[in-house]
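[1] I would like to see how this sequence folds:
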Amino acid sequence: MPRPLKLSGFALFGRIGRVAACCIAAAVVWACGPVYIPVPPPAQTAFTQDTVNPDMWIAAGGPEPRAANGLYYIFDQQRNAGVIARAAQDGSYQALPMPGTAGDHVFVSYKDTGGRDSATACLILGEQRPSAALCP
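    Below you'll find the model as predicted:
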């Protein structure tokens, strides 16, 4: 028959210390909040030059189910101007005209209905089809 295990005072405090350290580590991880999973950038965006004013461009894209009923942010870096567009139920959008020049870098992102921001896509302003080229 095996003998009962006797722990010295130091061994007992060592085990209690390890358990306490594990509990503290778990509390710290929990306090940091949920793990952030980035939302991918908009997959399809195309630009069309406005027929009335050639200095204005219209951005449209989608469908992107993750952006359904969310907000799209379209920002021309060179002009320091942009627009915000509401996404449809399928995540597609068409923005109001914004100022721009062919070749400008345009940043496009969206915020879903849960408040999560997508990654930002950098696109070249121009009438390329079916979607704009990525910035170099």
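[2] drop to CA atoms for contacts and neighbour counts, all remaining ones
    Fine.
[3] just checking, K111 touches A68?
    No - counting by C-alpha atoms under 8 Å, K111 does not reach A68; the two are 9.5 Å apart.
[4] SS state for F107?
    Following DSSP: H, G, I helix; E, B strand; the rest coil, the label given to F107 is strand.
[5] pretty sure it contacts A119?
    No - F107 is beyond contact range of A119, at 10.0 Å (criterion: C-alpha under 8 Å).
[6] Looking at these two, which has the bigger crowd around it?
    Using other C-alpha atoms under 10 Å, the more surrounded residue of F107 and A119 is F107, with 21 against 16.
[7] where's the more buried one relative to P54, distance?
    20 Å (C-alpha to C-alpha, to the nearest Å).
[8] what ranges do the strands span in this protein?
    Remark: strands assigned in the chain by DSSP state E are 45-49, 56-61, 71-76, 81-86, 93-94, 98-99, 105-111, 121-124.
[9] Fine, thanks again, bye for now.
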